[in-house]
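Trainee: Here's my sequence, what's the structure:
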Amino acid sequence: MTSLAAAAAARRAGEALRRGATGGVRYLSSLRSSPVASAASDSDEVLVEGKASARAAVLNRPGHLNALTTTMGARLNKFYASWEDSPDIGFVMMKGSGRAFCAGGDVVRLHKLMNEGKLDECKDFFRTLYSFIYVLGTYLKPHVAILDGVTMGGGGGVSIPGTFRVATDRTVFATPEVHIGFHPDAAASFYLSHLTGHVGEYLALTGEKLNGVDMVALGLATHYSMADHLELVDERLARLVTDDPSVIDTSLAQYGDLVYPDKTSIVHRLEVIDKCFSHETVEEIVDALESEAARLNEEWCTLALKRLKEASPLALKVSLRSIREGRYQTLDECLVREYRMSVNGISKPLSHEFNEGVRARLVEKDLAPKWDPPALEFVSEDMVDSYFAPLSEFDAELKLPTELREAFV
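Mentor: Residues are numbered from 1 along each chain as shown. Just a heads-up that it's a prediction; the model follows:
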């Protein structure tokens, strides 16, 4: 193997955390995992595959689109610490079972815990997941995430801060949190805010879905492969004995597919998106988008307006501020702030929005959330400030190992 110094420089990493982990390893199989029984035990929610100098973490809750749980976050932290310390492992991969990479956090489970009064368990989920995302964003070794299928919310968080992200023709990416009364979290305020222009605000406030080609065009993904070609990529990576990011990059490019945005791509809308979503307030953004919709008479504009008006008004204002703050913060600063926002957002009196959004979209599925406040004009600055307020004396802020791991700038 080449020196780990090359990988460390490429990954902006500091000194590794020294912790141990155990877990069985099986041979690296197809990157496009076959469906696994959905009734997996907690210990089976993250499987491990390996061959040559690679290890792969397989998110294994296919019946729930591999939605993340606290147990999964803890296992990922444990495995990744062990693999980072091992001189026999050159690079690490992550993929999902079934038709999804990862649909984000298991918000239905969080909704249930909240209604049972188990807020400490909800906080533990956010703390565990965000801590893993920081490890990923400062990882010493190259990381390859295979985004084959649904990749939403926290699914972006456990992949985009890593070195390489391979999108496919089955990839569907979105950060739809405003439609469940929440904010784009799991490092979304970091990576969305660093996209070109104001497309980050657009994605955060509308929950617009992107395909794999658009992910590559915006820089959210680094490579592209047709899903049917993933076995070739798999075979090549399985033979690599390296910790050099450039070698992995070359292999992914050589065995991937070259694609170009088509006429419906988001890249053709960037000028209008920047014009509308650069405005200071959500109200001004809506007004600008309405003007452009009338002028252009294009479907995407009308659909974006519809999505804005369906979202929680409070969540829209909170999310806009979050993206704007994230533009000037490091990864660790974003995660610490997002943790504060998430804990405040699941605690009374702010918890109504998240509870109501999950109820309407994912539990009872009547698609008729009763937002409070019901419209943008009723959302006060104090309400928004409440999400960003320091936690109470009974809640600890998120502590990340920034002394041991260099922050991702």
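Trainee: Give me the residue ranges of the protein where confidence is low.
Mentor: Counting by pLDDT under 70, the chain shows low-confidence ranges at 1-41, 407-409.
Trainee: So which residue is dead centre in it?
Mentor: Compute the mean C-alpha point of the chain, and by Cα atoms, centre = their mean the closest residue is residue 156, 2.2 Å away.
Trainee: Just the C-alpha atoms of the longest helix belonging to the chain, please, in PDB.
Mentor: If you go by DSSP state H, the chain has its longest helix at helix 119-137. C-alpha atoms of helix 119-137 as PDB (Å, rounded to 0.1, in the frame of the first residue of the first chain):
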ATOM      1  CA  LEU A 119     -37.000  12.300  24.500                       C
ATOM      2  CA  ASP A 120     -33.700  11.200  25.900                       C
ATOM      3  CA  GLU A 121     -33.700   8.300  23.400                       C
ATOM      4  CA  CYS A 122     -34.400  10.800  20.600                       C
ATOM      5  CA  LYS A 123     -31.500  13.000  21.700                       C
ATOM      6  CA  ASP A 124     -29.300   9.900  21.800                       C
ATOM      7  CA  PHE A 125     -30.200   9.200  18.200                       C
ATOM      8  CA  PHE A 126     -29.100  12.600  17.000                       C
ATOM      9  CA  ARG A 127     -26.000  12.600  19.100                       C
ATOM     10  CA  THR A 128     -24.900   9.200  17.800                       C
ATOM     11  CA  LEU A 129     -25.600   9.900  14.100                       C
ATOM     12  CA  TYR A 130     -24.000  13.400  14.100                       C
ATOM     13  CA  SER A 131     -20.900  12.000  15.800                       C
ATOM     14  CA  PHE A 132     -20.600   9.400  13.100                       C
ATOM     15  CA  ILE A 133     -21.000  12.000  10.400                       C
ATOM     16  CA  TYR A 134     -18.100  14.000  11.900                       C
ATOM     17  CA  VAL A 135     -16.000  10.900  11.900                       C
ATOM     18  CA  LEU A 136     -16.800  10.300   8.200                       C
ATOM     19  CA  GLY A 137     -16.000  13.900   7.300                       C
END
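Trainee: ok, back up a step: the residue nearest to the centre of the chain: which element?
Mentor: Per DSSP states H and E, residue 156 falls inside helix 154-157.
Trainee: Not counting its neighbours along the chain, what's nearest residue 57?
Mentor: Closest residue in space to residue 57, ignoring its immediate chain neighbours: residue 94 at 4.9 Å, by Cβ to Cβ, 6 or more residues apart in numbering. For glycine as for every other residue, the C-beta is placed from the backbone atoms N, C-alpha and C.
Trainee: wait, I meant residue 123
Mentor: Closest residue in space to residue 123, ignoring its immediate chain neighbours: residue 343 at 5.6 Å, by Cβ to Cβ, 6+ apart.
Trainee: For the one you found, give its distance to residue 366.
Mentor: Counting by Cβ to Cβ, to the nearest Å, the gap between residue 343 and residue 366 amounts to 28 Å.
Trainee: again with residue 134
Mentor: Residue 134 is 37 Å from residue 366, by Cβ to Cβ.
Trainee: who's more crowded, the two?
Mentor: When neighbours are counted by other Cβ atoms under 10 Å, residue 134 comes out ahead of the other of residue 134 and residue 366, with 24 against 9.
Trainee: surely the more buried one meets residue 330?
Mentor: No. Shown here, residue 134 and residue 330 do not form a contact pair, counting by Cβ atoms under 8 Å, at 10.3 Å.
Trainee: Do you have the helices of the stretch 251-400 of the chain handy? List them.
Mentor: Along the stretch 251-400 of the chain, the segments classed as helices by DSSP state H, counting those that start in this stretch run 270-277, 282-296, 299-310, 313-326, 331-345, 351-358, 381-388.
Trainee: could those go into CSV alongside distance to residue 218 and mean neighbour count?
Mentor: Shown next, in CSV, are the helices of the stretch 251-400 of the chain (distance: least, Cβ to Cβ, whole Å; neighbours: other Cβ atoms under 10 Å):
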stretch, distance to residue 218, mean neighbour count
helix 270-277, 9, 19
helix 282-296, 19, 16
helix 299-310, 15, 16
helix 313-326, 15, 24
helix 331-345, 18, 23
helix 351-358, 26, 21
helix 381-388, 27, 14
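Trainee: got CSV for those helices, with distance to residue 138 too?
Mentor: Shown next, in CSV, are these (distance: least, Cβ to Cβ, whole Å):
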stretch, distance to residue 138
helix 270-277, 30
helix 282-296, 33
helix 299-310, 34
helix 313-326, 17
helix 331-345, 8
helix 351-358, 29
helix 381-388, 24
